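J.: the amino acid sequence is not available; the structure is as follows:
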């Protein structure tokens, strides 16, 4: 099998299972946190670091939300069965980077990898993400080139794959849809909060030797759970989050 076909096959397989990479990372983080200590042996300093990590991940979530808010129907989805694209996105954030959702994913999980404040863990994460998503992006671009031909080639020739070039910005064709964001990103938001909560509890367990649930984290988890339940119900039981011309 030629290397090109091998890359495409691996990318399509990884595309279907891309949601499970974070779980592998989470297990690794939980294991290495066996010897976790507060940053500088100070709980106050560690809390500041936790807030910083949450803010980093929130930037990634914001990138995803910005991308999806302007996405037309049949694009930028969470489908796992296979590649799909009814139109080629070339405006808005897609005018400055070809894979903005993966940029968002990278930043979200970067914040989580920083949580235990172990530099080598973050390096492992960056390398793993690169190797994992490189194949996925290759397969995705092979699909788009086959479907959109010269239109795709012209766009890809001037648009960087992963590091945005803001000088290329073109306004999006569609107006921003907050309902589209709520409809499609509530799972990612809740998963991020739950993951941070688990890491927080694991860290306190390693330091204090007992399970601890800080009030602030418990409130944040509770509020995010209520938001998740409400949005999930609205999506499945009503048409309030449906957007005409969107997915």
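T.: Alright, I've got the coordinates. Since the model is a prediction, treat every value here as computed from it, not as a measurement. Numbering: from 1, shown residues only.

J.: quick check: closest non-adjacent residue to the residue most central in space within the chain.
T.: The residue lying closest to the centre of the chain (CA atoms, centre = their mean) is residue 105, at 2.4 Å. Once flanking residues are discounted, residue 105 sits nearest to residue 60: 6.7 Å by CB to CB, 6 or more residues apart in numbering. For every residue, glycine as well, the C-beta is placed using N, CA and C.

J.: and residue 164, how far from residue 99?
T.: Per CB to CB, to the nearest Å, residue 164 is found 10 Å from residue 99.

J.: counting neighbours, go ahead and name the busier of those two.
T.: Between residue 164 and residue 99, residue 99 has the larger neighbour count (other CB atoms under 10 Å), namely 20 against 17.

J.: isn't residue 36 right next to residue 200, touching?
T.: No. Look at residue 36 against residue 200 with CB atoms under 8 Å: they stay out of range, at 10.6 Å.

J.: so which strand or helix has residue 24?
T.: helix 21-32 (DSSP states H and E).

J.: quick check: next helix or strand after the helix or strand hosting residue 46?
T.: Assigned by DSSP H and E, residue 46 falls within helix 43-69. Moving toward the C-terminus from helix 43-69, the next helix or strand (DSSP H and E) is helix 100-114.

J.: return the set of buried residues in the following helix or strand past that following helix.
T.: From helix 100-114 onward toward the C-terminus, using DSSP H and E, the following helix or strand is helix 119-148. Neighbour counts over helix 119-148 (16 or more other CB atoms under 10 Å) mark 121-122, 125, 128-129, 132-144, 148 as buried.

J.: averaged pLDDT, helix 119-148. What do you get?
T.: Averaging pLDDT along helix 119-148 yields 87.
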